[in-house]
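A.B. asks: what's the 3D shape of this:
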Amino acid sequence: MWKMEIVVERSRRRTLTLTVSGSGEILVRAPLSATDADIGAFVERHRRWIAKRLAARKTLPLEDGSRICLLGKEYIIREGNRGLADGEIFLPAEDREQALRALLLELAQTVMREFTARTAQNCGFSYRSVRITSARTRWGSCSREGRIAYSFRCVFLPPEIAEYVVLHELCHTRELNHSAAFWREVAKFMPDYLQRRKRLRAYEWCMKSL
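C.D. replies: Just a heads-up that it's a prediction; the model follows:
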């Protein structure tokens with residue numbers, strides 16, 4: 001995910017307005033009297049609207065100097081052999097989208113497996129396997145046999161939201177549905193899951209990237 005910056009412009013106006021630029025920047029125009037809390041609440045009320053505007057973008061910016069946020073950490077794109085190092089993503093000069101996709105698949109293989117193993121151990125779950133897919137319609141899935149799959153696009157999520165996706169799928173190893181019993185299982189290990197679930201919706205646009 002490219003970095004979403006909230007820029008505030010205060011002026012002698014009466015109302016708050018919100019726009020999302022083509023680069024993903026969130027611009028709030030506010031009265032001089034508006035407090036940071038007022039602006040924060042205004043942005044929060046329009047979270048879904050912001051997500052829809054971001055979802056309209058079909059591609060990530062891949063030119064040198066562009067910024068992408070992976071698992072809550074910002075990286076700057078540079079030209080070089082494919083890889084991640086010290087806050088930089090290195091991509092070749094040509095076929096950058098394909099190179100980035102391959103890099104994110106590799107990252108997801110490592111990170112999502114680690115998240116799943118750690119959460120399963122801490123919470124007492126068991127599962128058969130983990131695989132990474134290119135799914136665009138769901139962040140994760142779990143079969144009756146306990147085989148868990150995640151979209152590689154989970155790496156666009158902040159760690160605490162990716163961990164919600166992991167726990168969600170692990171809970172399906174016990175309740176293969178979304179019944180009240182399932183949500184009780186989720187809440188038992190993650191009391192704030194409703195907040196994380198709500199935040200996850202703001203990243204739906206990621207499914208249309210790459």
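A.B. asks: Excluding residues flanking it in the chain, which one is nearest the residue positioned nearest the centre of the chain?
C.D. replies: The residue at the geometric middle of the chain, judged as the C-alpha nearest the mean C-alpha position with CA atoms, centre = their mean, is residue 157 (2.2 Å). Nearest-residue entry for residue 157: residue 203, 5.7 Å, with adjacent residues in sequence omitted and distances by CB to CB, 6 or more residues apart in numbering. No exception for glycine: its C-beta is placed from N, CA and C like everyone else's.
A.B. asks: Show the contacting residues for that neighbour.
C.D. replies: Listed by CB atoms under 8 Å, 6 or more residues apart in numbering, the contact partners of residue 203 are 1, 51, 156, 157, 161.
A.B. asks: burial measure for residue 97, as a count.
C.D. replies: Counted with other CB atoms under 10 Å, the neighbours of residue 97 add up to 13.
A.B. asks: no wait, residue 81
C.D. replies: By other CB under 10 Å, the residues close to residue 81 number 8.
A.B. asks: Return the residues in contact with it.
C.D. replies: Residue 81 sits in contact with 90, 92, where contact means CB under 8 Å, 6+ apart.
A.B. asks: Can you list the low-confidence ranges for this protein?
C.D. replies: For the chain, the stretches flagged by pLDDT under 70 are 1-5, 21-25, 54-59.
A.B. asks: need the strands for it, in chain order.
C.D. replies: 6-11, 17-20, 26-31, 67-70, 73-79, 83-85, 88-91, 129-133, 140-142, 147-151 (DSSP state E).
A.B. asks: quick one: strands adjacent to the longest one?
C.D. replies: If you go by DSSP bridges, strand 73-79 pairs up with strand 67-70 (antiparallel), strand 88-91 (parallel).
A.B. asks: would you list the ones you listed in JSON lines and tack on mean neighbour count and distance to residue 82?
C.D. replies: As requested, those are exported to JSON lines (neighbours: other CB atoms under 10 Å; distance: least, CB to CB, whole Å):
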{"stretch": "strand 67-70", "mean neighbour count": "18", "distance to residue 82": "14"}
{"stretch": "strand 88-91", "mean neighbour count": "20", "distance to residue 82": "6"}
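A.B. asks: if we can go back for a sec, of the contacts of residue 203, just say which sits nearest to residue 65.
C.D. replies: Lowest distance from residue 65 to the contacts of residue 203 (CB to CB) belongs to residue 1, with 16.3 Å.
A.B. asks: what about residue 79, neighbour count?
C.D. replies: In terms of burial, residue 79 registers 11 neighbours under the definition other CB under 10 Å.
A.B. asks: who does it bridge with?
C.D. replies: With DSSP bridges as the criterion, the beta-bridge partners of residue 79 are residue 91.
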